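S.K.: sequence and predicted structure are below.
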Amino acid sequence: MAWKPRKPSSESATPTALPQRKDVWQFDTRQARAEVRIGDRSVRPWLTFVVNSTAAEVVGFDMGHEEPTLADAERILLKAMTEPAAGKPHRPKRVQVRRADWAAGLRAALQPQDVEIVVSATLADVDEAFAQMTHDFAVAQESTGLLDVPGVTAAAVAGLFDAAASFYEQAPWRTVGERPIRIACSRFDSSPWFATLLGQGGMARGLVLYDQLETLLRIQQGDLSEEENARLTAGLAVIFSGKEDLLLKDVEAATHHRWRVVALDAFPVVYRMEPGLSMRPPLAWEVQVLEGCLRAIPEFLRKKTRRLAPLELSVPTANGELPLVLSWAVE
């Protein structure tokens with residue numbers, strides 16, 4: 001079954017203006033079994049598929065943090081007609097759905113489109129699409145451990161784990177709250193980063209380095225939905241958790257190399273998150289940046305009440321000294 005996402009056109013035709021074919025589509029939503037980490041949380045996303053059974057193509061797909069509503073279902077289905085992920089825009093003759101409550105609502109909504117909505121307990125093509133996506137999630141979760149990343153050595157990860165253990169022991173989040181810290185490094189063009197510490201108010205403990213201060217401040221305001229949060233967030237994170245949240249191969253590597261972990265809930269889950277739900281392990285240089293920041297931030301905070309000028313540090317890491325300049329991002 002082919003799924004070839006394409007860029008939506010700037011001007012989409014209304015559904016009633018589209019040609020109608022004798023296609024049969026299948027439409028359903030299901031919750032993924034695998035978890036995806038968003039910021040300091042792990043969620044099981046809801047996957048919604050629109051499959052053109054006649055052409056064996058996925059023509060619509062949506063992924064969100066909450067179960068779709070009927071209004072969401074109508075939006076996703078209409079978008080599959082006007083901006084299909086495969087094939088040309090058109091209306092199907094029939095749409096099979098599993099949920100009776102959706103069927104009733106969609107019949108009313110799609111009456112002007114002359115699209116028949118029928119309830120079907122078996123949706124084999126959606127089953128196949130969901131199985132493929134579930135497999136892709138599993139591969140993404142299991143395929144790339146920290147030591148699988150080119151240039152990342154056991155010594156570098158040992159340094160990262162050691163810095164994370166010291167950071168956890170010092171618990172700097174107890175004193176600083178979520179006040180953003182600007183961290184610059186002359187060695188990397190992607191600098192500066194904007195750090196926030198997690199750990200107060202029952203949140204997961206850890207450190208997130210955001211690419212943009214504006215994004216961090218908007219997230220801290222708390223007026224974004226989880227979907228908007230995920231769409232905007234880009235940065236590096238170290239989140240402390242139990243070993244069950246690490247890839248099995250990373251747990252095995254930590255045991256084999258005896259990487260330092262100071263508590264059962266202090267295993268560092270380390271990742272880079274791109275806007276949306278895209279996640280990957282950190283690159284070699286990002287491992288060094290994270291180690292340096294984990295070591296530098298507690299030192300910066302020791303005199304935070306008197307800290308006015310930026311603090312310049314040369315921080316030891318497994319891959320050599322790292323020059324950092326730390327300052328408050330917001331006065």
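M.R.: Nice, I can see it.
S.K.: SS state for residue 309?
M.R.: When states are read from DSSP: H, G, I helix; E, B strand; the rest coil, the local structure at residue 309 comes out as coil.
S.K.: which residue sits closest to it in space, ignoring its chain neighbours?
M.R.: Of all residues beyond its chain neighbours, the one nearest residue 309 is residue 327 (7.7 Å), with distances taken as Cβ to Cβ, 6 or more residues apart in numbering. Just so you know, the C-beta spots here come from the backbone N, C-alpha and C atoms, and that holds for glycine as well.
S.K.: and the one you found, how many neighbours?
M.R.: Burial measure for residue 327: 17 neighbouring residues, criterion other Cβ atoms under 10 Å.
S.K.: ok, now the one 3 residues further on?
M.R.: Residues contacting residue 330 under the criterion other Cβ under 10 Å number 12.
S.K.: surely the residue nearest to residue 309 meets residue 310?
M.R.: Yes: look at residue 327 against residue 310 with Cβ atoms under 8 Å: they come within range, at 3.9 Å.
S.K.: element containing the residue nearest to residue 309?
M.R.: Using DSSP states H and E, residue 327 maps to strand 320-328.
S.K.: can you check residue 103 too?
M.R.: With the criterion set as DSSP H and E, the secondary-structure element containing residue 103 is helix 100-109.
S.K.: how far is that helix from where the chain is centred?
M.R.: A distance of 32 Å separates the centroid of the chain from that of helix 100-109, by Cα atoms, centre = their mean, to the nearest Å.
S.K.: can you check the pLDDT for the residue nearest to residue 309?
M.R.: Per-residue confidence for residue 327 comes out at a pLDDT of 90.
S.K.: contacts only, for it.
M.R.: Residues touching residue 327, when contacts are defined by Cβ atoms under 8 Å, 6 or more residues apart in numbering, comprise 181-182, 309-311.
S.K.: same thing but 10 Å
M.R.: Residues in contact with residue 327 (Cβ atoms under 10 Å, 6 or more residues apart in numbering) are 181-184, 192, 300, 307-312.
S.K.: just the buried ones from those residues?
M.R.: Restricting those to buried positions leaves 181-184, 192, 300, 311, with burial counted as 16 or more other Cβ atoms under 10 Å.
S.K.: relative to residue 284, which of those residues is nearest.
M.R.: For these, the residue nearest residue 284 by Cβ to Cβ is residue 183; the value is 18.5 Å.
S.K.: give me the phi and psi for the closest one.
M.R.: Dihedral angles phi and psi of residue 183 (degrees, to the nearest 10) take the values phi -130, psi 120.
S.K.: would you confirm that it contacts residue 209?
M.R.: Yes: Residue 183 lies in contact with residue 209 (Cβ atoms under 10 Å); the separation is 7.0 Å.
S.K.: between these two, which contacts overlap?
M.R.: When contacts are counted by Cβ under 10 Å, 6+ apart, the set common to residue 183 and residue 209 consists of 192-195, 289, 293.
S.K.: mind checking which of those residues land in helices?
M.R.: Counted as lying in helices by DSSP state H, out of the shared contacts of residue 183 and residue 209, are 289, 293.
S.K.: farthest pair within the shared contacts of residue 183 and residue 209?
M.R.: Across the shared contacts of residue 183 and residue 209, no pair lies farther apart than 194 and 289, at 13.0 Å, counting by Cβ to Cβ.
S.K.: same drill for these two, tell me which one is more crowded.
M.R.: residue 289 (24 against 21).
S.K.: distance of the more buried one relative to residue 330?
M.R.: For residue 289, the distance to residue 330 under the criterion Cβ to Cβ, to the nearest Å works out to 21 Å.
S.K.: likewise for residue 296?
M.R.: For residue 296, the distance to residue 330 equals 19 Å [Cβ to Cβ].
S.K.: which residues of the stretch 151-300 of the chain score low on pLDDT?
M.R.: Low-confidence segments of the stretch 151-300 of the chain, defined by pLDDT under 70: 200-203, 222-232, 276-277.
S.K.: can I take it that residue 285 is in a strand?
M.R.: No: per three-state DSSP, residue 285 lies outside any strand segment and is helix.
S.K.: just give the nearest non-adjacent residue to it, would you?
M.R.: When the adjacent residues along the chain are set aside, residue 285 lies closest to residue 188, with 6.5 Å between them (Cβ to Cβ, 6+ apart).
S.K.: surely that neighbour is in contact with residue 284?
M.R.: No: using Cβ under 10 Å, residue 188 is not in contact with residue 284; the gap is 11.8 Å.
S.K.: ranges for the helices of the stretch 101-250 of the chain?
M.R.: Secondary structure of the stretch 101-250 of the chain, counting by DSSP state H, counting those that start in this stretch: helices at 124-142, 154-170, 173-176, 213-221, 226-232, 248-257.
S.K.: those helices: which one's closest to residue 102?
M.R.: Each of these was checked against residue 102 via Cβ to Cβ, and the shortest separation belongs to helix 124-142, namely 12.9 Å.
S.K.: find the nearest non-adjacent residue to residue 170, please.
M.R.: Using Cβ to Cβ, 6+ apart and skipping the chain neighbours, the partner closest in space to residue 170 is residue 298 (4.7 Å).
S.K.: lovely, talk soon.
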